[in-house]
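Colleague: Sharing a model prediction with you, sequence too.
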Amino acid sequence: MDITKAVKAGTEGIWVKWKDGAEILMRMSPKLLTELYKKCSVRQENGQDELDQELYTAAITESVILDWRGITVNGGEAFPCTPENRKLLMDNVMEFSTFLSTTCLKLEQAEEAEAKNS
């Protein structure tokens, strides 16, 4: 099994196709997602940790999305990948936030399945 792509995804990031030719450079690794999950969890009175979804979304937006290409505004003007624009897309474009969440979830599920088969 060649793990080059998986290692690159966790360090440098990999380009993932989104829609209409747009691509998102995403850094994804189980370790990163676990760290973000822990960082964004709040201990409840019953002793259970509960994920603060707003914090987690912000952390994912900052840590997972590295860049993008092919996302435009005003009929073709490049829409730069800035912290503000990442947040704008996550907060206002359901297709984008769903894509990002789904992509991260698929990675987690693949890692869990691989761990079970090991």
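Modeller: Cool, the structure landed.
Colleague: And the strands in this structure?
Modeller: Along the chain, counting by DSSP state E, strands occupy 14-17, 23-26, 41-43, 49-51, 65-69, 72-73, 77-78.
Colleague: Deepest in the core, which of the ones you listed is it.
Modeller: Between the strands of the chain, strand 23-26 has the highest mean count of neighbours, a mean of 20, where neighbours are mean count of other CB atoms under 10 Å. C-beta coordinates here come from the backbone N, C-alpha and C atoms, glycine included.
Colleague: Quick one: find the helix or strand in the chain with the lowest mean pLDDT.
Modeller: helix 4-11 (a mean of 60; mean pLDDT, DSSP states H and E).
Colleague: residue contacts, the residue most central in space within the chain?
Modeller: Residue closest to the average C-alpha location in the chain (CA atoms, centre = their mean): Val64, at 4.3 Å. Applying CB atoms under 8 Å, 6 or more residues apart in numbering, we find Val64 in contact with Met26, Arg27, Met28, Leu32, Leu100, Cys104.
Colleague: Can I get the strands of the chain in JSON lines including distance to Asp91?
Modeller: Shown next, in JSON lines, are these (distance: least, CB to CB, whole Å):
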{"stretch": "strand 14-17", "distance to Asp91": "20"}
{"stretch": "strand 23-26", "distance to Asp91": "16"}
{"stretch": "strand 41-43", "distance to Asp91": "21"}
{"stretch": "strand 49-51", "distance to Asp91": "18"}
{"stretch": "strand 65-69", "distance to Asp91": "13"}
{"stretch": "strand 72-73", "distance to Asp91": "16"}
{"stretch": "strand 77-78", "distance to Asp91": "20"}
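Colleague: who wins for proximity to Glu95 among these?
Modeller: Closest to Glu95 of those is strand 23-26 (CB to CB; 11.8 Å).
Colleague: related to what we said a few turns ago, mind putting the strands of the chain into CSV with mean pLDDT?
Modeller: CSV is the format used below for these (pLDDT from 0 to 100):
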stretch, mean pLDDT
strand 14-17, 87
strand 23-26, 92
strand 41-43, 87
strand 49-51, 86
strand 65-69, 94
strand 72-73, 93
strand 77-78, 94
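Colleague: which stretch among the ones you listed comes nearest Ala58?
Modeller: Nearest to Ala58, of those and by CB to CB, is strand 65-69 at 11.4 Å.
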